[in-house]
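J.: I would like the atomic coordinates for the input below:
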Amino acid sequence: MTKTIIKNGSLIDGNGGEPKHGQIVVIDGERIEYVGDESGFAATGDEQVIDAAGGSILPGFIDTHVHMMLEFSPIQERLATPFSFMYYRAAQYLKATLDAGVTSVRDALGTDFGVKKAVDEGLIPGPRLQLSINALTITGGHGDGYTVSGNVLDLLPSPYPGMPNGVCDGVEEVRKKTREMLRAGAEVIKVHATGGVLSATDHPEFTQFSLEELKVIVEEGRFRKGVKVMAHAQGAEGIKNAVRAGVHSIEHGIFIDDEAIDLMLENGTYLVPTLLAPVAVLETAAETGMPETAVQKSKEVIQHHIESFQKAYKAGVKIAMGTDAGVMKHGTNLRELGLMADAGMSPMDAIVASTKTAAECLGWEDQVGTLEAGKLADVIIVESNPLEDIHSLANNDTIQVVIKGGKVEKDLTA
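T.: I've put the predicted structure just below:
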């Protein structure tokens, strides 16, 4: 198999150090063979060469909170859409995500094992997937599609084969439902530990599940060779309950307080802030038919969200990039880096949060997240210097080349 040499670019390897010049990345098959000075690799002349043309060479980005099977749409459209149509749309969402330079994602509910299999076997292009299948939620909580009319209007249909419904109450019911998600192929367990912006009958600060119920979820994951738990947690009490129970990552974290930060530092808990989510709700409300309750709650929480992120970042909480893509359009993922930078994170730290730290959050740090020999060849080439203009990454045309597992998935230079 012909090797590939990527050269003539500034190397930002994901570890957080200064960009390196005059270095190359050599790909052999699906893995990186060599990263270093060009003089240190004995080229034969038979290699394929990709010229970065003075741009930047980075690891593929990782979004640790997406929903690949949906993009929020008006209720009437959802009611008029045949069930199987969502899979064909999802193929477009997966490709758009890959084209944005995101080569790995953690799906936070809604994507079943068949979609992952289709990507893994090359039937459709898409990022590498880590699945939660569906989220656990309480009756009347975030994720329960019950509306004040008495009708149930879930964002995604469930149950169906491979997609258990996630509503459960009480320790034993929660235990069984966790096992159902694991049986369906969950590689991470998702739980709604608080209410949310998009749910009709609760508020982000409402606490869901008792500490005992959350501990059972974590315990069941631990029994399965250390399957982690990610918790949608926006209110302070729910965040602290989740951390005390042993949850691996806090999603959103809108109302983090000082005690929650101390607990997260003590337990090594990750924060996945998704700053883009409430911004997108406000931007797309008219187009997507966002309920007025979601618009009002987004307006209420957006400044709290930024301030909580700032506190966590300054305190040294581990932050992994996530967007909640599906609330907004897929392929707009890298806007999140600009929002993190606007809130005070350095551009380099935003890149590390989206590569090395995100890989660690997924437990994939031995395979992806940095440009190192032996790791999977997930590499992107960016036209500009993202350290000088982190917002430029939001323009997908800036992402010139995307390589996933050694395969060129996008090449605007060809």
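J.: how about the contacts made by the most centrally placed residue in the chain?
T.: By C-alpha atoms, centre = their mean, the chain has its centre lying nearest to residue 64, at 2.2 Å. Residues near residue 64 by C-beta atoms under 8 Å, 6 or more residues apart in numbering: 105, 106, 249, 272, 320, 321, 322, 358, 361, 362. In this view, the C-beta of every residue, glycine as well, is placed from N, C-alpha and C.
J.: show me where this protein has helices.
T.: Secondary structure of the chain (DSSP state H): helices located at 75-79, 85-99, 113-120, 171-183, 211-223, 236-245, 258-267, 276-288, 292-315, 335-342, 347-353, 356-362.
J.: closest to residue 157 out of the ones you listed?
T.: helix 85-99 (8.2 Å; C-beta to C-beta).
J.: packing partners for that closest one?
T.: helix 113-120, strand 399-404, strand 407-411 (3 or more C-beta pairs under 8 Å, 6 or more residues apart in numbering; DSSP states H and E).
J.: now residue 93. Nearest residue, chain neighbours left out?
T.: The shortest distance from residue 93 to any non-neighbouring residue, by C-beta to C-beta, 6 or more residues apart in numbering, is to residue 330 (3.9 Å).
J.: tally of neighbours for the residue lying closest to residue 189 once chain neighbours are set aside?
T.: Of all residues not flanking residue 189 in the chain, residue 229 sits nearest, at 4.6 Å (C-beta to C-beta, 6+ apart). If you count neighbours by other C-beta atoms under 10 Å, residue 229 ends up with 25.
J.: what's residue 229 in contact with, if anything?
T.: 188-191, 214, 217-218, 221, 242, 245-248.
J.: residue 261: which of the residues you listed is nearest?
T.: Minimum distance to residue 261 across the contacts of residue 229 is 13.5 Å, recorded for residue 242 (C-beta to C-beta).
J.: how much space between the closest one and residue 319?
T.: 16 Å (C-beta to C-beta, to the nearest Å).
J.: poorly predicted segments of this structure, please.
T.: Within the chain, no range satisfies pLDDT under 70.
J.: got the domain boundaries for it?
T.: 4-59+369-411, 61-362 (automatic domain parsing).
J.: check contacts around residue 8.
T.: 51, 52, 53, 54.
J.: and it, how far is that from residue 391?
T.: 24 Å.
J.: swap in residue 293?
T.: Applying C-beta to C-beta to residue 293 and residue 391 gives a distance of 31 Å.
J.: same check, this time on residue 310
T.: 18 Å.
J.: and the nearest residue to residue 299 once chain neighbours are set aside, how many neighbours does it have?
T.: The spatial neighbour of residue 299 that comes closest, neighbours along the chain excluded (C-beta to C-beta, 6+ apart), is residue 282 at 6.9 Å. Using other C-beta under 10 Å, residue 282 is surrounded by 13 other residues.
J.: how much space separates residue 282 from residue 76?
T.: 22 Å.
J.: equivalent analysis for residue 19, please.
T.: Counting by C-beta to C-beta, the gap from residue 19 to residue 76 is 49 Å.
J.: for the nearest residue to residue 146 once chain neighbours are set aside, give me its contacts.
T.: Closest residue to residue 146 apart from its sequence neighbours, by C-beta to C-beta, 6+ apart: residue 152 at 5.3 Å. By C-beta under 8 Å, 6+ apart, the contact list for residue 152 reads 144, 145, 146.
J.: so how far is residue 74 from the second one?
T.: What that stands for is residue 145. 15 Å.
J.: ok, those two, which is more surrounded?
T.: Each of residue 145 and residue 74 has its neighbours counted (other C-beta under 10 Å); residue 145 has more, 18 against 12.
J.: the more buried one contacts residue 155, doesn't it?
T.: Yes. Between residue 145 and residue 155 a contact is recorded at 7.1 Å, counting by C-beta atoms under 8 Å.
J.: tabulate the helices of the chain (a markdown table), appending distance to residue 44.
T.: Shown next, in a markdown table, are these (distance: least, C-beta to C-beta, whole Å):
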| stretch | distance to residue 44 |
| --- | --- |
| helix 75-79 | 55 |
| helix 85-99 | 30 |
| helix 113-120 | 32 |
| helix 171-183 | 48 |
| helix 211-223 | 48 |
| helix 236-245 | 53 |
| helix 258-267 | 50 |
| helix 276-288 | 45 |
| helix 292-315 | 46 |
| helix 335-342 | 38 |
| helix 347-353 | 33 |
| helix 356-362 | 32 |
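J.: right, I'll call it a day here.
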